[in-house]
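[1] what follows is a predicted protein model with its sequence.
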Amino acid sequence: MKTVLVLGSGGREHAIACKLSENSDIQKVYVAPGNGGTENEWKSANVHLSLNNFDEISAWCQHERIAMVVVGPEAPLADGIVDFLQQRQIPCFGPSKAAARLEWDKCYAKEIMQSCNIPTAKWKSFTQFQEAIDYIGSNQQSRYVIKANGLAAGKGVTICCSQEEAETAIIDILINNKFGEKKVIIEECLHGDEISVLAFCDGANVSIMPYVHDYKRLYDGDLGPNTGGMGAFAPYTKVSDDDDRCIREEIILKIISKMKSLGHPYNGILYAGIMLTNDGPKVLEFNCRLGDPEAQVLLPLLKSDLFNILEDCIKQNLNRIVEWHPDYAVGVVLVSRGYPGPYQTDVEIYSINKAATFAGIEIFHAGTALTDNMDHQVLTKKGRVMTVTAKASSLSKASIIAYRAIDCINFEGKMFRKDIGAKSWLDSDRLPDGLTYKACGVNIGAGNDLVANIQSLAKSTLRRGCSEEIGGFASLLDYSATTYQSPSIIVTTDGVGTKLMICQEINYHNSIGIDLVAMSVNDLLARGAEAVAMLDYISYSSLGKEVIQAILSGIATGCRIAGCALVGGETAQMPGLYPVGTYDLAGFAIGYVERGQDLPEIDTIIPGDKVIGIASSGIHSNGFSLIRRIVEQKQLHYDMPAPFSIHSSNIGTAPMSLGKALLIPTKIYCRSLLSVLRSSLVKAYAHITGGGLVDNVSRILPQNCKAVIDAHQWKMADVFKWIANEGNVYPDEMLKTFNCGIGAVLICSANAHNALLELLAASGEEYWSIGNIESIRPGELKIQVQHLYEVLYDQNIVAFGVVTVKNISVSLPKKYRLAVLISGTGTNLQAIIDYAKAEKYRIEVVLVISNVDKVAGLERARQNNIENIVIDHKRYTTRKQFEKELDHVLKEKSVNLICLAGFMRILTIDFVNQWKGKIINTHPSLLPAFPGCGAVLQALTAGVKITGCTIHFVEAKVDSGPIIVQESVPILPDDSETTLSQRIKTAEHRCYPQAIDLIIKEQVKYVDGKLSWLTSHSDSSDYR
């Protein structure tokens, strides 16, 4: 009986261990260091060996009489572990260090390919930053591929869509040394389908595995950052005979032959990343090991014995035919929220065994570990947690089974892509003869019946100049039938976000169509356009006819309110795309405005102009992801009575359930405001949608102006107070998420103000004069809303704690007490003080401490009525005594955040550890570049083109703490140390408040020497 050692700890190694265990001659498969899955397999066990200690591995293998070592990850191969073990007569599967250079030195691989005419992307390598930047500047392309030369754990490639992104990637490699080697490759960006081609190799012969398509980007649709892999499927079948021949003969066999001729025969698994371009297959890169997650879909398909194949490769005798099952495999990687950045660990994973009961499912652990207690719970330990692989007779079946199994597995922060395998369903699945479209879930007859029902609804919305026909290919709009002489045509599109999910949960669909119309036609008003026509799009998998009828009825009602015609739409039934009973909506509106009379007139907006708010009917259609989270966390029910008062012209004041109160439709302003907007009194109109009050008003302001708005000037609907209180939502989050009671904003001159108010009085809308336009200074916010906190909490808050709002007990956020340590002028101190004044309910500068007397920073503190003291370090015989007094004063003032602002004393390890995670500092460079003293001069001397500033947490080692905020500052040709320092100082004034803001809003936390980020996304957004 044989024992085998697998080196590695990922999903790949778990898959290898499982496949080797199928060999009846193998008694035990050891995995070093392994994971929670390899520890739990019946035939495998983890062993604690360091992959960097070859002597330890060799001694252990000899002691255990290991028959074969299988190397999983690339780093030991690059370090020469195969050479080391085989010199000691220990059979080891994998390429030698010289052969593995194809992966660990990408420039070498490119040169080899070039020398034997293997098709690959055009490329150039650089070690000098400026040369690389100049090359980018002189080669204008729509996309750039930037690669680190050495090993980068699958994360060393950046596809950049702009010159700026490319420069950032080059800075990471050549300046910040992110990947350990300061050498960068800039490649031509190839286009086509990317596949992974892997082959068993014995130095001369090869056996190519089924082609694999893997998914490297984090998000669906190949969006987001590159990762180590988010999933894969095999086989990939869309390879032509010519491309298949090229891959085998012009790529795989050529490189194997070349390596042999160089005296470095390639034994192991060769992995070629290949792009299927219009000019044929081209190599993106070579890897020298089994891929991850490719291993997790290939090995379940392998019919031949893996151990025997690997043994043949080691013995240079790969003559057997390698057999594969005629199935498909889909593997989906589950990752921890935050990956590939900082993520939480030690989170318990539930129901893995339940998921494993599905036919065809295998679960390969990666970043997991078992607890030491009797329960042996499975915990997350890394960003990539596990791969769920399903094997089935078709790609679509395998994908469906995989996702069903994934639904069973639960852990906090679970993330995964939902489109693995979807790309090639239509190409791989063949429907047997006799099937009908209806049998596949699409009912054309029902769709035709629906068109007939829509026609009567559409007729109720008709207006002059719009065709009456519904159900044709297109609709006709004839402006000559209207009063317009030479109109511009304005078009908009929008949706209603996750408000839909509440409709679907309470099965109430009557008003969501009004929302759809409102979100599109209200946008037309921003250009001063009259809504003329509306089209809708409804998509679903399976939905009752009465639900579709209710949606369409609501759309027709919205069109009648807006005065536009419903001229067409699309009802798309797409089986399998949506869960049964769910749907999505999109709307498209068309409007007219006479040429030259459109809004906004941004160039005419000046300081002194007035801001007028138009009342909303409630939440409208944005922010519902946040609202649904409140309902979930507070364990509320949509059928319970609404916990807030409702006053809407549409609804009245009758008692309402929470669900229906949240679904009060978006107000449509077309008829009431169109004449107001065309009165020549209005300079600009903003519809308050995704992005809330602040982002939408910002769109209509010139660069030199800000809007100062007073929340005391309008009536805040109770629903927004309920959201703020029940969800403990900060005011700034309210402003950038919700309309806060203002559905639209108008800007007019001071002279036109009274006349405009008279027009609004006749419009029937509720309105308020809510603020003014003022000149903006550098660094100021475009929108400043005063007194929102008092209004949201129905009282003037003077301290934090617990308050009562309409009998609701509200725990207000914790207030940060800051101490600022200085030694001189304290220019950053002023930036911190200014920020603290703006955020007075969250933060207070309670103390300024200087170790030097009579400095300008102390005077700044006095001018701002901040307590300030001098603790002169020269009065203490030891640094420990000085810091003891410092510690005493800080604790006496209950300080919970210390800001170093030009404090010229190095703090001891003891002091830093005592205040770990509570001290932040600024440094005049883009750390980790140029740490320590003289950073500005270092940057000038080094000849770099970009430097900047860094705000970071303080740790014992100088300038080594986790980075919170950075801002780059270009180095100009005539810069001196003085001029550059001044511009960096200005950047620091912006960055320091930003860093404090992230901390006090708990968007970033210091956890065990690392940053933990909490990110949020708005419910929906639109753009023009």
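    Yes, it's here. Numbers count the residues shown, from 1 in each chain.
[2] what's the helix or strand for the residue most central in space within the chain?
    The centroid of the chain falls nearest to G224 when counting by C-alpha atoms, centre = their mean (6.2 Å). G224 is part of strand 223-234 when elements are defined by DSSP states H and E.
[3] gap between the residue nearest to the centre of the chain and K382?
    Separation of G224 from K382 (C-beta to C-beta, to the nearest Å): 18 Å. From N, CA and C alone the C-beta is placed, and that goes for glycine too.
[4] repeat for I605
    Using C-beta to C-beta, I605 is found at 52 Å from K382.
[5] more neighbours: these two, which one.
    Set side by side, I605 and K382 show more neighbours around I605, with 21 against 18, by other C-beta atoms under 10 Å.
[6] check which helix or strand F882 maps to.
    Taking DSSP H and E as the criterion, F882 maps to helix 879-892.
[7] list the helices and strands that helix packs on?
    Packing partners of helix 879-892 (3 or more C-beta pairs under 8 Å, 6 or more residues apart in numbering; DSSP states H and E): strand 843-850, helix 909-914.
[8] looking at those, which is buried most?
    Between the helices and strands packed on helix 879-892, strand 843-850 has the highest mean count of neighbours, a mean of 22, where neighbours are mean count of other C-beta atoms under 10 Å.
[9] what comes into contact with the next helix or strand after it?
    Downstream of strand 843-850, the first helix or strand assigned by DSSP H and E is helix 856-863. With C-beta atoms under 8 Å, 6 or more residues apart in numbering as the test, helix 856-863 has contacts from 820, 822-826, 829-830, 833, 845, 848, 850, 867-868, 870, 901-902.
[10] just the buried ones from those residues?
    For the contacts of helix 856-863, a burial check counting by 16 or more other C-beta atoms under 10 Å picks out 820, 822-826, 829-830, 833, 845, 848, 850, 868, 901-902.
[11] confidence score at D1022?
    Here the pLDDT value assigned to D1022 is 34.
[12] next: V451.
    58.
[13] go on, the one 4 residues further on?
    Q455 carries a pLDDT score of 70 in this model.
[14] what count of nearby residues applies to it?
    Residues lying near Q455 (other C-beta under 10 Å) number 13.
[15] just checking, it is part of a helix?
    Yes - under DSSP: H, G, I helix; E, B strand; the rest coil, Q455 sits within a helix.
[16] is it true that D494 touches D515?
    No - with contact defined as C-beta atoms under 8 Å, D494 does not reach D515; the gap is 9.5 Å.
[17] now do stretch 405-418, average pLDDT.
    What stretch 405-418 shows for mean pLDDT is 92.
[18] and the contacts of that stretch?
    Residues from elsewhere that reach stretch 405-418 (C-beta under 8 Å, 6+ apart): 215, 218-220, 230-231, 332-339, 343-344, 347-352, 354-356, 358, 361, 363, 380, 385-386, 388, 390, 403.
[19] follow-up on the earlier one: which helix or strand lies directly C-terminal to the strand holding G224?
    Next along the chain from strand 223-234, counting by DSSP H and E, comes helix 241-245.
[20] in that next one, what's buried?
    By neighbour count on 16+ other C-beta under 10 Å, the buried set for helix 241-245 is D243.
[21] any idea which element G338 lies in?
    Counting by DSSP H and E, no helix or strand carries G338.
[22] could you pull up the residues touching the closest residue to it other than its chain neighbours?
    In space, and not counting its chain neighbours, G338 is closest to W1013: 6.2 Å by C-beta to C-beta, 6 or more residues apart in numbering. By C-beta under 8 Å, 6+ apart, the contact set of W1013 is G338, G341, P342, Q1003, V1004.
[23] also F644?
    With contact set as C-beta under 8 Å, 6+ apart, F644 has these partners: A661, A717, D718, V719, K721, W722.
[24] grab the nearest non-local neighbour of the second one.
    This means A717. With C-beta to C-beta, 6+ apart as the criterion, A717 has its nearest non-adjacent residue at 4.9 Å, and that residue is G741.
[25] A166 and E412: what is the separation?
    A166 is 36 Å from E412, by C-beta to C-beta.
[26] so is A390 in a helix, a strand, or just coil?
    The three-state assignment at A390 reads strand, by three-state DSSP.
[27] that one pairs with what?
    On the basis of DSSP bridges, A390 is bridged to V330, I361.
[28] again, but for Y144
    For Y144, the beta-bridge partners are C160 (DSSP bridges).
[29] how many neighbouring residues does it have?
    Neighbours of Y144 (other C-beta under 10 Å): 24.
[30] same question, E546
    9.
[31] and for D695?
    By other C-beta under 10 Å, the residues close to D695 number 19.
[32] how about S24?
    Applying other C-beta under 10 Å, I find that S24 has 8 neighbouring residues.
[33] next: L886.
    22.
[34] can you check G563 too?
    Residues near G563, counting by other C-beta under 10 Å, number 16.
[35] touching, it and R671? I think so.
    Yes - counting by C-beta under 8 Å, G563 touches R671, with 5.6 Å between them.
[36] list phi and psi for L462.
    phi -60, psi 150 (degrees, to the nearest 10).
[37] going forward can the numbers begin at 2, since that is how I track them
    In the new numbering, first residue 2, that becomes L463.
[38] for V568, see how far away it is.
    As judged by C-beta to C-beta, L463 and V568 stand 9 Å apart.
[39] any regions of the stretch 802-951 of the chain where pLDDT drops low?
    802-815, 842 (pLDDT under 70).
[40] how many neighbours does the nearest residue to H366 once chain neighbours are set aside have?
    Take H366 and drop its neighbours on the chain: the residue closest to it by C-beta to C-beta, 6+ apart is G38, 2.7 Å away. Neighbourhood size, G38 [other C-beta under 10 Å]: 28.
[41] just the buried residues of the longest helix anywhere in the chain, please?
    What stands out as the longest helix in the chain, according to DSSP state H, is helix 978-1001. Buried residues in helix 978-1001, defined by neighbour count with 16+ other C-beta under 10 Å: 981-982, 984-990, 992-994, 996-1001.
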